[in-house]
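Visitor: this is the structure alone, sequence omitted:
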């Protein structure tokens, strides 16, 4: 869609791939590596993981990041509040954020949403069909009418999020539930996209359509290049005030 | 609009009225008393203030509150995180919340919005005209095309909030700025309305149209009586799953 | 939710019930009669049908109607453009409109939406489960987490409508599709709700939860009582203009 | 923002410039020529005007157009319904549409909105200040906090449009009104942007920031390249249906 250089950082908890045989088999280099393979950006793609110092998210890394992708699950509570605050401020100043799957319960997503982000879930190898409900949206470009995943973890409504600014995809699950799977938000000068699929024991991030959605989302979330607004005391009015009424 | 009994609690920081002569003159019983006068609800109207134990917001008070009105300014940081968390959880479970004026910077509003809630401001006794941009909305019922306030503090864009689910009012200011003044949100099972006017040194909460908006907002934000969703492990599928693909 | 008197007119094409044995058996008095049974309003409930003069929708009837419910299917093209224009203008001036099921293709709904309102469909006696995705919304009050209908016609995405102002319900279908089933809009001073279920050969309008949704929607869509805005030449400015720059 | 080739057609009523001395002086080649100067697209920029056969909007022209810009005022009623229908269908199939200023009353905009699109207006050489309320939006890229126009026609609320999917800009007017000036919609697979300024007797389309907004909007509205959804009878279910309940 665009040829501007976008610098992407993929943050992965990177624990399952070291302890779960199935996850390790599917993602021998970590889920972040598989996600990176699907990106088609001009710009740098970097990785950051939980167990690095500062979780790999130093001020320098974040300042050089246009779009941050986030996958976490087991260890949300191990992410330090200080780093969460840093990411939060960077989003408000324009960095895009793509939150994947179990990242719905990450500190950063909950902080940006202002809700519990709770949901229903079930691990039962069930079929998921992710339907596009907004075909005009750039995040849906090139993926057809739906993405079918033969087996995934189920996430079901009610998903406790604010109403999305734009709802792009809704999932059907074999076991009887539905889920708002592709949700767009704006927070400050930054854009946020939540994308549902990607349980660690399924090869979801090898799926070409799932990769296409993530790549589209990166393009959509990349900062638009606007000057940041000025806040605070606007002492001098732009127009004369009669006052003293 | 409705005759159901709605229990309202008006929370006021209640400091300006004790220290600022002008505020004391305009609101001798506190701003909360003036706001209460404007309500036309069947149900109980209670007060709670910062300097009471638990800021007056015990579990019992909150559980008995359908809609909470919030005015704070100087002492946002003195509101304890524990009470903020309590109010937050109560909103997600269905309590309505009306945030007034300088409450934009309260801990509870920022937590629910997920943004800085920053803005421009100026105290210059300038005229404000609050235009209705959604005449179908119940919060705009009976107030005509706009509310004119001869003198108010200015709040100007950019107002760093998420895009409102419904934008009901936009302010014009004499000094040259505009502001999204009436903003509706849903958070969990609760409804939130931000309403701009109400600086402590102006008789804004004596204005009949301002009172009408707050009264309408209370009716709108009152819980609709729905059962709370179930979250977590939905082990038993509603439909058979073939699995093992 | 409210005790105000609301006058409701239920418009029904009323053809299937005369020609289709199954429809006639389920709805011997017409679908409009079954829908009326489910309403719990103080006010008058009237019927209007296609084959009456002016389709039963005279100026007088419409002016006395707070909320109009619309069911049509086979004969959308037989509804005269003049009556559609009349209903349209009445909606913009504040009358609520509830469009049911195959009414998605009615002239009035398409005119108000500005899109084709096309969709996928299938008649296969399949199970539908209508999930609440916005539990705070008054239209979802008292219906629990979902409505299950053992057999219905399928409607599937993409549903070519504008993004709803508020999305309240999403349907799961046994055959693999999803659908945005409860959609809120504002048009002018009027409110519009689209609600999916109700094929003529199923007893859907006898279902208590379906009836509850329609009743809730009527309360939600009833006019809020605001003065209508003034449009056109605003010759005299509210503030002095220096001009002549 | 992007380097993809975008073919733009600028449609102009092109009457004022021939009959009004001031308009002729400011826009000697027509407003379309001035608007074209501000575009920074790779692709073809063409013109079409009311008095050409088929108003210049043949099937061939529209099929080769990615984004259509529309300026009309005096002669909305002279645009044939057939051409309006053609443009409408093309928008639903993915063509972007930018509607400028008095185009709010064009047949095509009203058809896409489903409302009267009425508003207040005044010609009094008054100052307009267009504030950005969504700094994250690509249409606001590079224009700073606001655009100030020394003299323009006033448009005031209530503006009878559906609530925008995204509200990007709000105008302040010297005479006391506000207006939602930059409004984004999706209709079918197409994107629509309404942008307020541009009365024919002011040099508004020579303003670099106004031009920047229009250029940004063209990039935003360009089709995202998705396959068009399939509608109609989906006879074969994606999943087995037990039926016969």
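Guide: On my side now, so go ahead. Just so it is clear, the model here is predicted, and its values are computed rather than measured.

Visitor: does chain B have contacts with the longest helix seen in chain A?
Guide: Counting residues, the longest helix found in chain A (DSSP state H) is helix A:208-221. No. Judged by Cβ under 8 Å from any Cβ of the partner chain, helix A:208-221 stays clear of chain B, getting no closer than 15.6 Å. Bear in mind the C-beta positions are built from the backbone N, C-alpha and C, glycine included.

Visitor: and that helix, is it in reach of chain C?
Guide: No. Helix A:208-221 stays clear of chain C (Cβ under 8 Å from any Cβ), getting no nearer than 15.9 Å.

Visitor: next, the buried residues of that helix.
Guide: Under the neighbour-count criterion of 16 or more other Cβ atoms under 10 Å in any protein chain shown, helix A:208-221 has A:209-221 buried.

Visitor: between these, which is closest to residue C:169?
Guide: Within the buried residues of helix A:208-221, proximity to residue C:169 (Cβ to Cβ) peaks at residue A:213, which comes in at 24.6 Å.

Visitor: what sits against that closest one?
Guide: A:139-140, A:143, A:147, A:169, A:182, A:195 (Cβ atoms under 8 Å, 6 or more residues apart in numbering or on different chains).

Visitor: of these, list those near chain D.
Guide: Within the contacts of residue A:213, those near chain D by Cβ under 8 Å from any Cβ are A:140, A:143.

Visitor: what is the burial count for residue A:225?
Guide: 13 (other Cβ atoms under 10 Å in any protein chain shown).

Visitor: ok, it to residue D:221 distance?
Guide: 18 Å (Cβ to Cβ, to the nearest Å).

Visitor: cool, residue A:97 as well?
Guide: Counting by Cβ to Cβ, the gap from residue A:97 to residue D:221 is 25 Å.

Visitor: in strands only, show me the contacts of residue A:213.
Guide: Cross-referencing those against strands under DSSP state E gives A:147, A:169, A:182, A:195.

Visitor: and those, which is closest to residue C:37?
Guide: Looking across these and measuring by Cβ to Cβ, the closest to residue C:37 is residue A:169, at 37.9 Å.

Visitor: wait, what's in contact with that closest one?
Guide: A:130-134, A:140, A:180-182, A:195-196, A:213 are the contacts of residue A:169 under Cβ under 8 Å, 6+ apart.

Visitor: out of those, the closest to residue B:22 would be?
Guide: Of the contacts of residue A:169, the one sitting nearest to residue B:22 (Cβ to Cβ) turns out to be residue A:180, at 48.9 Å.

Visitor: list the helices and strands whatever helix or strand the closest one lives in packs on?
Guide: Element membership of residue A:180 [criterion: DSSP states H and E] is strand A:178-187. Packing partners of strand A:178-187 (3 or more Cβ pairs under 8 Å, 6 or more residues apart in numbering or on different chains; DSSP states H and E): helix A:107-113, strand A:146-156, strand A:166-173, strand A:190-195, strand C:166-173.

Visitor: quick one: low-confidence parts of chain A?
Guide: Scanning chain A for pLDDT under 70 picks out A:1-3, A:243-245.

Visitor: swap in 50 and give it another go.
Guide: Low-confidence segments of chain A (pLDDT under 50): A:1-2.

Visitor: who touches the helix or strand where residue A:10 lies?
Guide: Element membership of residue A:10, judged by DSSP H and E, is strand A:8-12. Applying Cβ under 8 Å, 6+ apart, the contact partners of strand A:8-12 are A:30-32, A:35-36, A:39, A:41, A:43-50, A:55-57, A:61-62, A:65-72, A:218.

Visitor: got the angle for that strand vs helix A:208-221?
Guide: 120 degrees (axes from the mean of the first three to the mean of the last three Cα atoms, to 10 degrees).

Visitor: tell me the strands beside strand A:8-12, with direction?
Guide: With DSSP bridges as the test, strand A:8-12 is paired with strand A:45-49 (parallel), strand A:67-71 (parallel).

Visitor: most tightly surrounded among those?
Guide: Here the criterion is mean neighbour count by mean count of other Cβ atoms under 10 Å in any protein chain shown, and of these the winner is strand A:67-71, at a mean of 26.

Visitor: is chain B within reach of the helix or strand that it is followed by?
Guide: Proceeding N to C from strand A:67-71, the next assigned helix or strand is helix A:81-92, under DSSP H and E. Yes. Where contact is defined by Cβ under 8 Å from any Cβ, part of helix A:81-92 touches chain B, namely residue A:92.
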